[in-house]
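Enquirer: Predicted structure and sequence below. I'll ask about it afterward.
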Amino acid sequence: MSADQRHLPLRAAALPLTTLLFIVTGLALRAGPLASQAHLVWLVGLAATGLPLIWRTVRGMVAGRFAADLVAMLAIVTALLLDQPLPGLVVVLMQSGGEALELYAAGRASEAVRELEAAAPRVAHLLSGERVEDITAEAAAVGDRLLVRPGEMVPCDGTVASGQSYVDASRLTGEPLPIRAEPGIHLLSGSLNQHSPFVLLVTKPARESQYARIVQLVREASASKSPLLRLADRYAVWFTPLTLLVCLAAWLLSHESTRVLAVLVVATPCPLILAAPVAVIGGINRAARCGVIVRHGEALERLGSVTTAVFDKTGTLTVGHPAVSGVTAFPPFDRDAVLRLAASVEQGSGHPLARPVVAAAEQSHLILAPPQQVVEESGQGVAGLVEGHRVVVGARGLLLRQDPTLADRLDSDSGEWSGLRAWVLVDGSPAGTIDYADRLRPDLHAMLARLAKLGIKRTMLLTGDRRVHAERVAEALGIQEVRADLLPVDKVVAVEELERGGERVVMLGDGTNDAPALRRATVGVALAAHGGGITAEAADAVILTDDPSRLADAIAISRRTMSIARQSIWVGLGLSAAAMLVAALGYIPPTLGAVLQEVIDIAVILNALRAGGEGRFDRPESLTPRLSFTDPLGGQQPRPAGRTHL
């Protein structure tokens with residue numbers, strides 16, 4: 001955020017504070033020996049503070065914006081013309097104070113594009129013969145050979161020319177399991193090399209890469225998102241003409257200018273200007289206490305109007321990290337023996353899939369043995385001695401290189417499997433297989449039930465993962481529609497199609513590939529318990545806990561907040577309308593009208609402040625399912641805090 005943006009609320013507060021200073025100074029003078037000077041101080045104050053508001057409103061009218069500020073401007077102008085500065089100053093105080101509150105509620109502008117560009121791969125290691133030269137990623141050309149080291153991001157889209165590793169592309173593609181990077185495999189810019197160095201043959205320069213496309217999509221989505229009409233302006237459409245009609249009637253009845261001023265003062269739509277920002281600030285603070293950071297007031301208002309919920313899969317509905325989903329043993333081995341031997345040798349491996357095996361053995365309370373003579377083959381597997389037995393855990397290709405005669409045995413024993421699988425070899429014989437899968441987060445059924453109760457009847461899953469995995473998740477959760485194998489631009493298109501069909505879309509995601517769609521949705525919500533980064537910057541709201549169900553809390557808070565804001569507006573406008581009629585009949589002078597409007601404003605503010613308190617949005621216990629699940633590693637057990645494997 002720029003320094004100017006950070007200081008906007010501070011600058012906006014200067015005008016109401018200055019106005020208040022003029023009012024208080026005049027009152028102090030009036031109580032002392034310089035009472036005659038009070039009027040002059042108020043008049044100077046009204047000119048100094050009111051003229052900027054008048055000029056701003058006139059500019060808005062020239063631009064075609066006839067908002068709630070119009071009545072306030074007329075009241076200030078009339079107060080100046082009739083030499084009634086105190087009522088005019090009160091109007092300035094209320095209008096400028098409300099605008100300062102609105103700016104405070106609006107929060108800070110998002111820096112999504114700048115965050116994306118800052119996180120883009122910057123350095124590439126160009127191979128020239130045997131020499132390695134560091135260049136900028138933008139300088140890499142098609143056909144260049146780049147060295148990608150462990151822990152580095154892939155700088156350009158390209159194809160693996162040599163070397164083997166595992167690459168995490170989950171934040172770009174939605175695929176939760178590591179990609180095996182080997183010669184011929186295509187990789188996207190922004191993917192993370194997890195294991196071993198490899199050489200990449202550049203197929204697209206950085207400016208045309210998938211990552212660069214994501215940056216451009218976020219920029220386009222920001223530009224295409226329509227601004228929300230200010231709540232006050234929506235009510236001003238009918239209240240402003242009503243006020244002008246009452247002013248006309250007062251003039252025709254009495255031909256007294258002070259009556260017109262009195263009507264304008266009591267009709268100044270301070271309830272419109274104050275109620276919404278006060279309630280929104282309270283709602284934003286309430287959401288923050290629930291672990292949801294709403295970036296601006298407009299986002300909080302939009303949340304309450306959504307009709308369709310769209311979800312990313314990997315890392316949002318699922319944990320996003322592979323875990324052991326099943327162990328198959330071949331006679332004479334049993335399941336525990338296969339898992340214990342495999343986990344023992346995996347203790348000496350740094351491979352991303354090693355830790356889940358060890359964790360599964362620990363969860364099964366198996367005692368692991370220290371491995372010896374551990375040898376790891378990059379991207380293929382690990383071998384070592386465990387209690388005198390030679391144990392190999394790895395890909396099918398590794399086992400076949402050690403013993404080509406195992407091909408028929410491995411094929412007959414493995415059966416059909418569409419996920420990620422490792423084979424376990426003990427003393428040269430196949431002992432079993434270990435399957436990996438992602439896991440559903442707990443309590444998602446309860447969240448979806450709450451969303452339905454809140455009026456969200458349509459749900460959709462958008463993912464870059466394969467359709468078979470996406471449909472399995474949707475079926476398990478009861479999500480109605482599935483779109484899989486999507487690129488970031490495809491997610492944006494899906495959201496745009498929903499909105500063109502009249503839906504107001506809330507999207508929940510966590511990956512870089514979700515950022516453009518989050519930016520384009522009516523409301524984008526990022527799950528950012530582990531930092532969020534780019535995705536959090538692109539979103540309108542950020543869930544700080546690792547709990548997607550906070551989305552339902554945020555929607556419930558939004559609806560309660562806007563209900564309180566509208567209630568405050570209606571009550572305030574009703575009181576103002578009644579006061580207008582009395583003022584038009586000549587029973588309320590301008591100064592008393594300003595005081596009366598203050599009383600109405602205080603009542604409106606006190607009611608709007610309720611938005612920051614506790615409301616009836618807490619999770620209903622009746623919606624929390626008491627489920628059990630079959631542990632993929634064996635046994636039926638209760639599910640207080642577990643995960644469902646997919």
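Expert: Thanks, I have it.

Enquirer: What ranges does the stretch 301-450 of the chain have for its strands?
Expert: Assigned strands in the stretch 301-450 of the chain, in chain order: 308-311, 323-329, 372-377, 381-386, 389-394, 420-426, 429-437, 439-440 (criterion: DSSP state E, counting those that start in this stretch).

Enquirer: should've said the stretch 101-250 of the chain
Expert: 123-128, 131-136, 145-148, 158-162, 165-168, 179-181, 186-187, 192-193, 198-202.

Enquirer: any idea which of the strands of the stretch 301-450 of the chain is most buried?
Expert: Comparing these by mean neighbour count (mean count of other CB atoms under 10 Å), strand 308-311 ranks first with a mean of 26. Heads up, the C-betas are built off the backbone N, CA and C, glycines and all.

Enquirer: Run the chain-centre distance for that strand.
Expert: The gap between where strand 308-311 is centred and where its chain is centred comes out at 13 Å by CA atoms, centre = their mean, to the nearest Å.

Enquirer: follow-up on the earlier one: okay if I get the strands of the stretch 101-250 of the chain as JSON lines plus mean pLDDT and distance to His321?
Expert: Output for the strands of the stretch 101-250 of the chain, formatted as JSON lines (pLDDT from 0 to 100; distance: least, CB to CB, whole Å):
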{"stretch": "strand 123-128", "mean pLDDT": "88", "distance to His321": "27"}
{"stretch": "strand 131-136", "mean pLDDT": "87", "distance to His321": "32"}
{"stretch": "strand 145-148", "mean pLDDT": "92", "distance to His321": "22"}
{"stretch": "strand 158-162", "mean pLDDT": "92", "distance to His321": "23"}
{"stretch": "strand 165-168", "mean pLDDT": "82", "distance to His321": "10"}
{"stretch": "strand 179-181", "mean pLDDT": "79", "distance to His321": "15"}
{"stretch": "strand 186-187", "mean pLDDT": "88", "distance to His321": "20"}
{"stretch": "strand 192-193", "mean pLDDT": "86", "distance to His321": "13"}
{"stretch": "strand 198-202", "mean pLDDT": "92", "distance to His321": "22"}
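
Enquirer: Kindly reformat the strands of the stretch 301-450 of the chain as JSON lines containing distance to Arg472.
Expert: Shown next, in JSON lines, are the strands of the stretch 301-450 of the chain (distance: least, CB to CB, whole Å):
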{"stretch": "strand 308-311", "distance to Arg472": "14"}
{"stretch": "strand 323-329", "distance to Arg472": "11"}
{"stretch": "strand 372-377", "distance to Arg472": "32"}
{"stretch": "strand 381-386", "distance to Arg472": "27"}
{"stretch": "strand 389-394", "distance to Arg472": "26"}
{"stretch": "strand 420-426", "distance to Arg472": "14"}
{"stretch": "strand 429-437", "distance to Arg472": "9"}
{"stretch": "strand 439-440", "distance to Arg472": "10"}
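
Enquirer: Where among these is average confidence lowest?
Expert: Among these, strand 439-440 carries the lowest mean pLDDT, a mean of 80.

Enquirer: ok now it, how far from the chain's centre?
Expert: Here the centre of strand 439-440 is set off from its chain's centre by 21 Å, with CA atoms, centre = their mean.

Enquirer: Can you list the helices and strands that that strand packs against?
Expert: Under the contact criterion of 3 or more CB pairs under 8 Å, 6 or more residues apart in numbering; DSSP states H and E, the helices and strands touching strand 439-440 comprise helix 467-477, strand 644-645.
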